[in-house]
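Engineer: Next come a sequence and a model predicted from it.
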Amino acid sequence: MTYCVAMRLDAGLVFLSDSRTNAGVDHVGTFRKMNIFEIPGDRLIVLMTAGNLSISQSVRQIIAEHTTASGKSIWNVSSMYEAAQVVGEAIRVVHDRDAATLEQFGIDFNASMIFGGQIKGERCRLFQMYSAGNFIESHDENTYFQIGESKYGKPIIDRIVSTDTPLDEAAKCALISMDSTLRSNISVGLPLDLLIYETDTLAVTRFVTIDENNQYFQMIRSTWGKQLKSVFESIDDPVWNAAPDASSNVLSSQAQKSQPLRILPPAKFGIDTTTATPAPLQTLAQDEGNNKQH
């Protein structure tokens, strides 16, 4: 599996990918998933891939070499939209060639990609590519894309990143998002590739491969966990069965009683529930051992 994330900001673009492609008790595969197409001063384009590795590698090779019927290639198109069309066509070429054979072996044609960058004369743009070769583009309402194991790292990005987020803050957020994913899913792993692109540079100027010895990422992993725990502990516990005049941290009040959905035992078990008195609901605010009330 994998996790890749890219962000489109006013100041530029941030790309981050892991390098794990398979995980098991006796086999872990490591392949880099970030690919860069660069003509310094003219274009800087980044492709990150997830899904079937053989499909991704085939698509990457075709993108680098393919010219469409109209003479367009990744190296000469005049817009990122046209570049995305070239990528989509490359995906369809691989699908037409390999999908039927893969299906015979029970393998789905599975590939998803993030594709973005800048071509001289237009703004930075970011796209998410699908297995059918179709794509969507990032706009201000959705400033980032994720592929692979996205669920663990999504909440922090949703809370932090907007179009005016500075590049370094966005990179920090992406690394925290990756750390959350690494901690929760063994199918995502180091090393990581991080590229930060500043608008109109039209070249790679800030790139790093991050392994377990990277000083900054070690700090992120340690500090983020400690700060999360500190913030969590600073939040008040809920108040249960609060008096009518209570005004803070009320989770349950005396004025509004709730009951769970109780399932009655079938008659065949001979259990008489008509005379039983339900036990009072245990609450977090009451400790019957020491009669403490929160």
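Structural biologist: Happy to help now that I have it. Numbers count the residues shown, from 1 in each chain.

Engineer: which other residues reach stretch 144-152?
Structural biologist: The contact list for stretch 144-152, computed with Cβ atoms under 8 Å, 6 or more residues apart in numbering, reads 1-8, 18, 48-51, 112-114, 126-128, 138, 153-154, 157, 161, 177, 180-181, 183-185, 187-188. Where you see a C-beta, it was placed from the backbone N, CA and C, and this is true even at glycine.

Engineer: List only buried entries from these.
Structural biologist: Of the members of the contacts of stretch 144-152, the ones counted as buried by neighbours, 16 or more other Cβ atoms under 10 Å, are 1-8, 18, 48-51, 112-114, 126-128, 138, 153, 157, 161, 177, 180-181, 185, 187-188.

Engineer: Tell me where the stretch 151-294 of the chain has helices.
Structural biologist: Taking DSSP state H, counting those that start in this stretch to define them, one finds helices in the stretch 151-294 of the chain at 154-160, 167-184, 215-234.

Engineer: ignore the last one, the stretch 1-150 of the chain
Structural biologist: For the stretch 1-150 of the chain, helices defined by DSSP H, counting those that start in this stretch occupy the ranges 53-65, 80-104.

Engineer: could you dump these to CSV with mean neighbour count and mean pLDDT?
Structural biologist: Listed next are these as CSV, based on neighbours: other Cβ atoms under 10 Å; pLDDT from 0 to 100:
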stretch, mean neighbour count, mean pLDDT
helix 53-65, 18, 96
helix 80-104, 17, 97
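
Engineer: okay, these in a markdown table with distance to Y144 next?
Structural biologist: As requested, the helices of the stretch 1-150 of the chain are exported to a markdown table (distance: least, Cβ to Cβ, whole Å):
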| stretch | distance to Y144 |
| --- | --- |
| helix 53-65 | 21 |
| helix 80-104 | 16 |
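
Engineer: Of all those, which one is nearest F217?
Structural biologist: helix 53-65 (24.6 Å; Cβ to Cβ).

Engineer: Out of the helices of the stretch 1-150 of the chain, which gets nearest to Q227?
Structural biologist: With Cβ to Cβ, the closest approach to Q227 among the helices of the stretch 1-150 of the chain belongs to helix 53-65: 35.6 Å.

Engineer: and that closest one, what does it pack onto?
Structural biologist: Here helix 53-65 touches strand 34-39, strand 43-51, helix 80-104, strand 111-119, going by 3 or more Cβ pairs under 8 Å, 6 or more residues apart in numbering; DSSP states H and E.

Engineer: Could you dump the ones you listed into a markdown table and include distance to L261?
Structural biologist: Output for the helices and strands packed on helix 53-65, formatted as a markdown table (distance: least, Cβ to Cβ, whole Å):
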| stretch | distance to L261 |
| --- | --- |
| strand 34-39 | 49 |
| strand 43-51 | 40 |
| helix 80-104 | 45 |
| strand 111-119 | 40 |
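
Engineer: show me the contacts for V28.
Structural biologist: If you count contacts by Cβ under 8 Å, 6+ apart, V28 has them with R20, N22, G189.

Engineer: What's the local residue count around the first one?
Structural biologist: Think R20. The burial count assigned to R20 is 23, neighbours taken as other Cβ atoms under 10 Å.

Engineer: does it really touch H27, like I thought?
Structural biologist: No. The criterion here is Cβ atoms under 8 Å, and R20 misses it with H27 at 11.1 Å.

Engineer: so which of the helices of the stretch 1-150 of the chain gets nearest Q218?
Structural biologist: helix 53-65 (28.7 Å).

Engineer: How far off centre is the closest one?
Structural biologist: 23 Å (Cα atoms, centre = their mean, to the nearest Å).

Engineer: Out of the helices of the stretch 151-294 of the chain, which gets nearest to D200?
Structural biologist: Closest among the helices of the stretch 151-294 of the chain, once you apply Cβ to Cβ, is helix 167-184, at 13.0 Å.

Engineer: mind saving the C-alpha coords of the closest one as CSV?
Structural biologist: Extracted in CSV, the C-alpha atoms of helix 167-184 (Å, rounded to 0.1, in the frame of the first residue of the first chain):
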residue,chain,number,x,y,z
LEU,A,167,4.9,26.4,2.3
ASP,A,168,6.9,25.4,5.4
GLU,A,169,3.8,25.1,7.6
ALA,A,170,2.1,23.0,4.9
ALA,A,171,5.2,20.8,4.8
LYS,A,172,5.1,20.4,8.5
CYS,A,173,1.4,19.5,8.3
ALA,A,174,2.0,17.0,5.6
LEU,A,175,4.8,15.3,7.7
ILE,A,176,2.4,15.1,10.7
SER,A,177,-0.2,13.6,8.5
MET,A,178,2.3,11.0,7.3
ASP,A,179,3.4,10.3,10.9
SER,A,180,-0.2,9.6,11.9
THR,A,181,-0.5,7.2,9.0
LEU,A,182,2.8,5.5,9.8
ARG,A,183,1.7,4.9,13.4
SER,A,184,-1.6,3.4,12.4
